[in-house]
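Trainee: Provide a 3D model corresponding to the input given below.
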Amino acid sequence: MNKKLLTILVAVSAISFAQAQVRQGGTAPTDSTRRAPGAALGSGVRAQPKPYDQVITNKASTRKGMITTHKIEDKFFFEIADTTLGRDILVVSRISKSGSDVRDAQGYAGDQIGSAVIRFEKGPNNRIFMRKISYKTYGPDSTTSMYQSLKNSNIQAIAASFNIAAYTPDKKGSVIDITDYLNSDNDIFYFSSPMAKTRFRLGAQQADRSYIVSLRSFPTNVEINTVKTYSQTAAPSPFGAAAPGLGGGGASGSSTIELNTSLVILPKVPMKARYFDPRVGYFAVGYTDFDLNPQGVKEIELIKRWKLEPKPQDLAKYKRGELVEPIKPIVFYIDPATPKKWIPYLKAGVNDWAKAFEKAGFKNAIMAKEAPTYAQDSTWSIDDARHSAIVYKPSEIANASGPSISDPRSGEIMESHINWFHNVQKLVHDWYMIQTAAVDPRARKMTFSDELMGDLIRFVSSHEVGHTLGLRHNYGSSSTVPVENLRDKKWVEANGHTPSIMDYARFNYVAQPEDNISSKGLYPRIGDYDKWAIEWGYKYFPDTKTPAADVPVLNKMVIESAKNRRLWFGTETNADDPHSQNEDLSDNAMVASTYGIKNLKVILANLPTWTKEPADGYDNLSNMYGQLTAQFGRYMGHVAKNIGGVYENPKTVEQAGEVYERTPASTQKEAMTFLDVQLFKTPMWLINKPILDNIDADGLEVVGRLQNITISRLLSTSTLTKLISAEAADGASAYKITDLFSDLNASIFTELKSNQAIDVYRRNLQKSYVDKLISILKPAPASSATVVFSGGRGGATLQPSITVAQSDVLSVVKGQLKELDATIETSANAAIGLSKYHLQDLSDRIESALDNKKD
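Mentor: Coordinates of the predicted model:
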């Protein structure tokens, strides 16, 4: 075989392989460099650098900055200084403009679609490599012997390579043609994964309808704007992908969006990090460290926070305890698209945090500003990653969110774009009306005054800004407030109904009309916990050099804070702790919910009047009735979580007391009494005929749904096994699984003892209860091996695990069904009409489940 033929075969083979990869749904191997004219594929010949002025001609449109950018006709070039090589660069990608088809898939301008850390470096043969950097495994101390070994074991992937088109005249920089890479559908500068595109129902990029808009360079960042057109996939079929002829999964047209990609150079020396402490609620970044533990590895978590440091000339003042301004304050810009009347309230939500930062020793540490107009600054862009902003989105989503981007090496927050969806106003309207209309006349209408709506916007703004400062939800904060304090006008107006705006405590639904509590005692506010958490996270320690050196001081601060329960952090992730719940108030869910229900009864009676608007139908009434029943359901959930509850109080070894503590039996008994009175005895007040006659709702279904949800929670395998564990640990003093069934049977089957007729609401309740017991006895095949014990909280999983079948759960459930069957059979003999048929049916179901149905 001659050389020429061999070369052709190699080329054909390479092309066939690339095409096969594409056909299989993969991506063909790519090289961002261009072949020299006439060079044979596979020959190893590469384009050699040319003189600078032959590449960057006098036709170039040039912008100097972190990476100098050049545009020559339809070509784009990066000029990378040698001093920038090897530096970590944060890449943040967002949608800057979207069409209605993408918005229909919940994609809006400002949405983040990807982030990565990259690093440019010189490779052999006049090439520049772009590596994608991972910090999953990291050794921050370059002086240790492990550092080089760790680098050798964690080589960073080369994401792209580029021929050096020219060297700068001073030989201290390299020029690369970035055009092809920007035009490609890569996962560094655009969507970070196929799943990210799937979210918006986007398929393959359409190259002939995609192009580069601009490259803009600034001192610390480069902004890339591109227009991308993608094939659009159809929405998933509600009948499943396999259903023939019902749509879903197929292509349907295309979608065009504009993307903004920010390349932000990270600090050469990372900010001094602060180690995460589970007793203080901060978001965290993490990595595996091989340096700290000489006998193993250590999982390191660093809190996310902004870099706030005193100006050098003010350091002595800071050490003396005087308030000083930081070198670089935190600034949020308000999107120019925001309706003008809401701007002051959004700004206030940001500025309210300034007082919290004073606890950390800083004044004027955070502020909001209106974004400059184009006439004021034509270079300013809300997409610029140097600018944090509250981005106003024309969306039907009733929500807001506060994400942030941080340096993975230190947790330093680099920027944040708060998503402010237009329809959040409906959300806060409905919350406020259902929770406070009994006590606040301003809430008794479908359109609030601008002043009231502005106040509610301010509260949500503060909450979301709190997230961007690094703070997580503190669902436990409201549980530190005695329930009667929420009705004490003087106390609650002075202190607020929860110590943290990061709680999901919403509004004071405990306050009663006769308490005469003003809005000061109804709204959330930045509270004691929030100020303390900012102090702990942002207090500057100028005399220490490492995060480890700060730990003793920070630990002492937390231990001291434990003396004040209002400074407690209750995580949002504990499914067992009744103290950590969203949408709840006070230290006693039973009493608080009783007050809440009293207010709901007042609101329900007036709902037809308060929701009425001229020339309108009953949609308002239907929506608000649904909101009211949902609020009632939340109260049931708050109470039910006490059954089998386990309090969690994270501690270090220096602190007295247990980390985990079971909810007292007396509290669980109180919870069961509440559920008996408020839920299992049919809440007939919810079945308001004048309302139900005008909306699409069925009172029987409404009550049944609320009861079913609560029964399912009480009889979940999680709850039942926790009760068994409590009895094993506490003996007779525990609220036992048999106590739960005794209370449920007495509440749900009251009629059997007195031979009373059973109405339709109670018949449905009893069927729901029996069916749930049967489902535990005979679960669906997929759940037959459900794990109910897995080694305890926070520890290694113990193997083998105990399944439901191996625990006492099935034994107790089977025993309960047998006892119920005997009682039901006896009662059925004396019953008449529907009550008799109902009881006979229940008996048949039980006996069938027990496999002893009589002939």
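
Trainee: Break down the stretch 1-150 of the chain into its helices, ranges please.
Mentor: According to DSSP state H, counting those that start in this stretch, the stretch 1-150 of the chain carries its helices in the segments 3-23, 52-55, 100-104, 145-153.

Trainee: likewise the stretch 251-400 of the chain?
Mentor: Using DSSP H, counting those that start in this stretch, the helices found in the stretch 251-400 of the chain span residues 315-319, 343-351, 354-358.

Trainee: Among the ones you listed, which comes closest to residue 710?
Mentor: Ranking the helices of the stretch 251-400 of the chain by distance to residue 710, with CB to CB as the measure, places helix 343-351 first at 35.9 Å. C-betas here are computed from N, CA, C, even on glycine.

Trainee: tell me what that closest one is packed against?
Mentor: Counting contacts by 3 or more CB pairs under 8 Å, 6 or more residues apart in numbering; DSSP states H and E, the secondary-structure elements packed against helix 343-351 are strand 330-334, strand 366-370, helix 450-468.

Trainee: 10 Å instead, please
Mentor: strand 330-334, strand 366-370, strand 388-393, strand 417-421, helix 450-468 (3 or more CB pairs under 10 Å, 6 or more residues apart in numbering; DSSP states H and E).

Trainee: can you pull out the helices in the stretch 651-800 of the chain?
Mentor: Along the stretch 651-800 of the chain, the segments classed as helices by DSSP H, counting those that start in this stretch run 665-675, 689-692, 699-714, 717-730, 737-748, 750-754, 760-777.

Trainee: and residue 542, what is it in contact with?
Mentor: Contacts for residue 542 were tallied using CB atoms under 10 Å, 6 or more residues apart in numbering; they are 309-310, 315-316, 318-319.

Trainee: Among those, which pair sits farthest apart?
Mentor: Of all pairs drawn from the contacts of residue 542, the widest gap by CB to CB lies between 309 and 316 and measures 13.9 Å.

Trainee: what touches both of the two?
Mentor: Applying CB under 10 Å, 6+ apart, one finds that residue 309 and residue 316 are jointly contacted by 324, 542.

Trainee: out of the two, which sits in the busier spot?
Mentor: residue 309 (18 against 12; other CB atoms under 10 Å).

Trainee: okay, the nearest residue to that one once chain neighbours are set aside: pLDDT?
Mentor: Spatial nearest neighbour of residue 309, chain neighbours left out: residue 327 (5.4 Å); criterion: CB to CB, 6 or more residues apart in numbering. The predicted structure scores residue 327 at 97 on the pLDDT scale.

Trainee: and if you look at residue 275?
Mentor: For residue 275, the pLDDT comes out at 97.

Trainee: What count of nearby residues applies to it?
Mentor: Counted with other CB under 10 Å, the burial measure for residue 275 works out to 16 neighbours.

Trainee: mind listing what the closest residue to it other than its chain neighbours touches?
Mentor: If the residues on either side of it in the chain are set aside, residue 275 comes closest to residue 547, at 5.2 Å by CB to CB, 6+ apart. Taking CB under 10 Å, 6+ apart as the contact definition, residue 547 lies against 140, 272-275, 300, 302-303, 410-411, 541, 554.

Trainee: do you know how far residue 547 is from residue 270?
Mentor: Distance from residue 547 to residue 270, counting by CB to CB, to the nearest Å: 11 Å.

Trainee: same deal with residue 647?
Mentor: To residue 270, residue 647 is 38 Å away according to CB to CB.

Trainee: repeat for residue 823
Mentor: Distance of residue 823 to residue 270, computed by CB to CB: 69 Å.

Trainee: cool, residue 691 as well?
Mentor: Here residue 691 is placed at a distance of 60 Å from residue 270 (CB to CB).
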